[in-house]
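Trainee: Got a sequence here, can you model it:
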Amino acid sequence: MRHTMIEKNQSSLQSLDTLFIKTYGCQMNEYDSSRMADLMKQAYGMRLVNAPEDADVILMNTCSVREKAEEKVYSELGRYRKLKEQRPELIIGVGGCVGQQEGERIQKRAPYVDAVFGPQTYHKLPEMVNEIRRDRHKVSITDMPEIEKFDHLPAPSAHGLSGYVTIMEGCDKFCTFCVVPYTRGPELSRSVTSILDESRQLLEHGILDISLLGQNVNGYRGLGPDGEEWDFTMLLYAVSTLPGLKRLRFSTSHPMEMTPELAVAFGEISNLMPYLHLPVQSGSDRLLKAMHRGHNRDEYFAIIDSLRVQRPDLALSSDFIVGYPGETDDDFEQTLDLARRVQYDTAFCFKYSPRPGTPASKSEDDVPESVKDERLQRLLTLMRQQTHQAMQNKIGKTESVMIEKQGRNPGDLEGRTEDFKIVHFAGQARLIGQIMPVTITEAYGQSLRGKLVLTEDAE
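Mentor: Just a heads-up that it's a prediction; the model follows:
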């Protein structure tokens, strides 16, 4: 839907030099924000700044997954209101999933917001900004065109060694607790050619590590260059052969789409990294069915087993929800049991909170907050123990580390292992951008300490 509200303000067009983007949520939102920056740079020559006070345009790229997401957006907007009062020419836009969900309600509640847009329409930002500047209109665009935005984006910019490529958007799984199908729409996949082209552009800019992104990334079904439909595993093999690509990852996966062929790919593709985020949400079959997850615990265990046959060193992370409506003590104990059996490297654990418009929000939120809190702390304690053990297991091993930047301490470098763990070690700055062997000597809560294995390049 497109809606325009007119304000009587005939100020002349101001120059647009600086852009501030506040990003909430997942890696896909981080990707979207980077593409918004690319668009505004191409259209107006704008550069990113670190503070909203320094910006000519402020954009919020929002997420509606977590509890009270809308209120957090309005709270942040309250801070920007003061800037708008001081500088009426300032342009404020709200995009992302809350923008999609709330639409014009945002401008009714916060009338100083100039633009509201959803995840599928941010490619129209230059057009929206131009309209706002020219006519002092308020603009709201929250329709869901079929992934057309990727046809209108400029070449991606690249910073550092890691880059992201969105290969599909939306989700058709309709888990009862999740708002994504209502804010991102149905599953739509980009063509193989467009994905390969964007990946090549990143590699030409010095990117070494590419992550393929999607709400249900392994549900990818896109048009191949041969005119046939390609699945995710076929795409993965194609991307892996691109010249210059050292490391390949993907996120976020759904257990229903973890095929035997994809498991085999972990064993066959040498630059596919041994790290996988595979959300399970609960260890209780009863709750998995209530959540409409489409799999049970034994099927999940079978997936993990098949993956570890191919990559015994595979590091796993997951998502868990505690306190889902109707969750009993036994249900929660089954979640703890599943986590103990899988042995994750890390996990993201949350208390259930109803998201507006989801099927679960119609059920009574009947698990007391005190019980949710107690269960969450027990699960977090277990996860901290597993993370600690995963880090300890690295001591004495020599890891292949991609050196990303200088460390916090003088003379230190910082990089990441193949399974995405941060490593600090002494080394010369000229090694940044290389992949070097580092022997792990110490393990901390969230990072490792190591010693560079000297080679001719490192000496």
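Trainee: is residue 439 in a bridge, and if so with what?
Mentor: Counting by DSSP bridges, residue 439 forms beta bridges with residue 398, residue 451.
Trainee: Any idea how many residues pack against it?
Mentor: The tally of other residues near residue 439 (other CB atoms under 10 Å) stands at 15. Quick note: C-beta positions are derived from backbone N, CA and C, even for glycine.
Trainee: Pull the contacting residues for it.
Mentor: Residues near residue 439 by CB atoms under 8 Å, 6 or more residues apart in numbering: 396, 397, 398, 399, 450, 451, 453.
Trainee: Check the gap between the residue lying closest to the second one once chain neighbours are set aside and residue 23 for me.
Mentor: Spelled out, that is residue 397. In space, and not counting its chain neighbours, residue 397 is closest to residue 440: 5.5 Å by CB to CB, 6 or more residues apart in numbering. To residue 23, residue 440 is 32 Å away according to CB to CB, to the nearest Å.
Trainee: Same drill for the two, tell me which one is more crowded.
Mentor: Taking other CB under 10 Å, residue 440 and residue 23 do not tie; residue 440 has more neighbours (23 against 19).
Trainee: any idea of the pLDDT on that one?
Mentor: Looking at residue 440, its pLDDT reads 98.
Trainee: now swap in the one 5 residues further on and tell me
Mentor: Taken from the predicted model, the pLDDT recorded for residue 445 is 87.
Trainee: ditto for the one 3 residues further on
Mentor: Listed pLDDT for residue 448 reads 97.
Trainee: do residue 4 as well
Mentor: Value for residue 4, per-residue pLDDT: 40.
Trainee: what's the answer for residue 352, then?
Mentor: On pLDDT, residue 352 comes in at 95.
Trainee: Contacts only, for it.
Mentor: Contacts of residue 352 (CB under 8 Å, 6+ apart): 177, 321, 322, 323, 324, 325, 327, 360, 365, 367, 372.
Trainee: The second one bridge partners, please.
Mentor: Beta-bridge partners for residue 321, by DSSP bridges, are residue 350.
Trainee: Wait, it touches residue 176, no?
Mentor: No: with contact defined as CB atoms under 8 Å, residue 321 and residue 176 do not form a contacting pair (10.6 Å).
Trainee: Now the common contact residues for the two.
Mentor: The overlap between the contact sets of residue 321 and residue 176 (CB under 8 Å, 6+ apart) consists of residue 291.
Trainee: Specify which residue of the two has the higher count of neighbours.
Mentor: A count of neighbours by other CB under 10 Å puts residue 321 above the other of residue 321 and residue 176, at 26 against 17.
Trainee: Could you report the distance from the more buried one to residue 298?
Mentor: Relative to residue 298, residue 321 is positioned 20 Å away (CB to CB).
Trainee: the strands in the stretch 251-400 of the chain, which residues?
Mentor: Along the stretch 251-400 of the chain, counting by DSSP state E, counting those that start in this stretch, strands occupy 275-277, 315-322, 346-351, 398-406.
Trainee: same deal with the stretch 101-250 of the chain?
Mentor: With DSSP E, counting those that start in this stretch applied, the stretch 101-250 of the chain shows strands at 115-117, 137-141, 162-166, 168-169, 188-189, 209-213, 221-223, 229-231, 247-251, listed in chain order.
Trainee: contact partners of the last one?
Mentor: In this case it means strand 247-251. 27, 208-214, 217-218, 232, 236, 239-240, 269, 271-273, 275, 277, 402, 418, 420.
Trainee: Does residue 442 lie in a helix or a strand, and which?
Mentor: Assigned by DSSP states H and E, residue 442 belongs to strand 435-443.
Trainee: now residue 94
Mentor: strand 91-95.
Trainee: Please give me every residue in contact with residue 75.
Mentor: Applying CB under 8 Å, 6+ apart, no residues contact residue 75.
Trainee: how distant is the strand or helix carrying it from the center of its chain?
Mentor: Take DSSP H and E as the rule and residue 75 turns out to sit in helix 69-86. On the basis of CA atoms, centre = their mean, to the nearest Å, helix 69-86 sits 24 Å off its chain's mean C-alpha point.
Trainee: Residue 50 - nearest residue in space that isn't next to it in sequence?
Mentor: Among residues not flanking residue 50 along the chain, residue 20 sits closest, at 7.6 Å (CB to CB, 6+ apart).
Trainee: Next: residue 416.
Mentor: Leaving out its chain neighbours, the residue that sits closest to residue 416 by CB to CB, 6+ apart is residue 402, at 5.5 Å.
Trainee: What of residue 42?
Mentor: Using CB to CB, 6+ apart and skipping residues adjacent in sequence, the residue nearest residue 42 is residue 154, 4.4 Å away.
Trainee: What does the pLDDT read for residue 238?
Mentor: 98.
Trainee: Ignore what I typed, I meant residue 181.
Mentor: In this model, residue 181 carries a pLDDT of 88.
Trainee: Over to residue 123?
Mentor: At residue 123, the predicted lDDT confidence score is 86.
Trainee: From what I see, it and residue 141 are in contact.
Mentor: No: counting by CB under 8 Å, residue 123 does not reach residue 141; the two are 10.3 Å apart.
Trainee: rewinding a little: what residues sit buried inside the helix holding residue 75?
Mentor: Neighbour-count burial for helix 69-86 flags 69, 70, 72, 73, 76, 77, 80, 83, 84 (criterion: 16 or more other CB atoms under 10 Å).
Trainee: ditto for stretch 371-378
Mentor: Quick answer for stretch 371-378 (16+ other CB under 10 Å): 371, 372, 375, 376, 378.
Trainee: Please list the members of the residues you listed that lie in helices.
Mentor: 371, 372, 375, 376, 378 (DSSP state H).
Trainee: If anything else comes up later, I'll come back, but that's it for now.
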